[in-house]
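> Generate coordinates for the sequence data below:
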Amino acid sequence: MREINLPIRLTKHADEQCHERGATEDEVREAILFGEWEEVKNGRTIAKLNVQFGKTWAGNMYPIKQVAPEFVIEAREIVVITVYTFYF
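Predicted coordinates for the structure are as follows:
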């Protein structure tokens, strides 16, 4: 677990993407705290965390869901820009 002393805030877009793509805000926070970080473009970071799923999504059964928030670290908070999910 990373020691993060900043609040994590989801933008409206990120919150909408959570709902559309089947992620929860708690999963996004866990991905940032426990997931594997990768630097992406424009000073952004993506965190990837695989979680046990074992449910149906879009008509298919998947044992694993990967939650991958893209975020920036600002002076007073971590701002989640968007959230991706991958099912396998």
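
> So residue 35 sits against residue 47, correct?
Yes. Applying C-beta atoms under 8 Å, one finds residue 35 in contact with residue 47, separated by 3.8 Å. (C-beta placed from N, C-alpha, C; glycine too.)

> What's the end-to-end length of stretch 47-67?
Chord length of stretch 47-67, first to last residue, is 8 Å (C-alpha to C-alpha, to the nearest Å).

> Off-centre distance for that stretch?
From the chain centre to the centre of stretch 47-67 is a distance of 13 Å (C-alpha atoms, centre = their mean, to the nearest Å).

> hey, what's in contact with both of residue 35 and residue 47?
Residues touching both residue 35 and residue 47 by C-beta atoms under 8 Å, 6 or more residues apart in numbering: residue 68.

> Go ahead and flag the most central residue of this protein.
Compute the mean C-alpha point of the chain, and by C-alpha atoms, centre = their mean the closest residue is residue 69, 2.9 Å away.

> list the buried ones in the helix or strand harbouring it?
Using DSSP states H and E, residue 69 maps to strand 60-73. Within strand 60-73, the residues that qualify as buried are 62, 65, 66, 67, 68, 69, 70, 71, counting by 16 or more other C-beta atoms under 10 Å.

> Quick check: bridge partners of the last one?
According to DSSP bridges, the residues that bridge with residue 71 are residue 45, residue 80.

> OK, contacts around it?
8, 32, 44, 45, 46, 47, 78, 79, 80, 81.

> Format those residues as a markdown table; extra columns: pLDDT and distance to residue 88.
Converted to a markdown table, these look like this (pLDDT from 0 to 100; distance: C-beta to C-beta, whole Å):
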| residue | pLDDT | distance to residue 88 |
| --- | --- | --- |
| 8 | 97 | 26 |
| 32 | 97 | 21 |
| 44 | 97 | 24 |
| 45 | 98 | 22 |
| 46 | 98 | 17 |
| 47 | 98 | 18 |
| 78 | 98 | 27 |
| 79 | 98 | 28 |
| 80 | 98 | 22 |
| 81 | 98 | 24 |
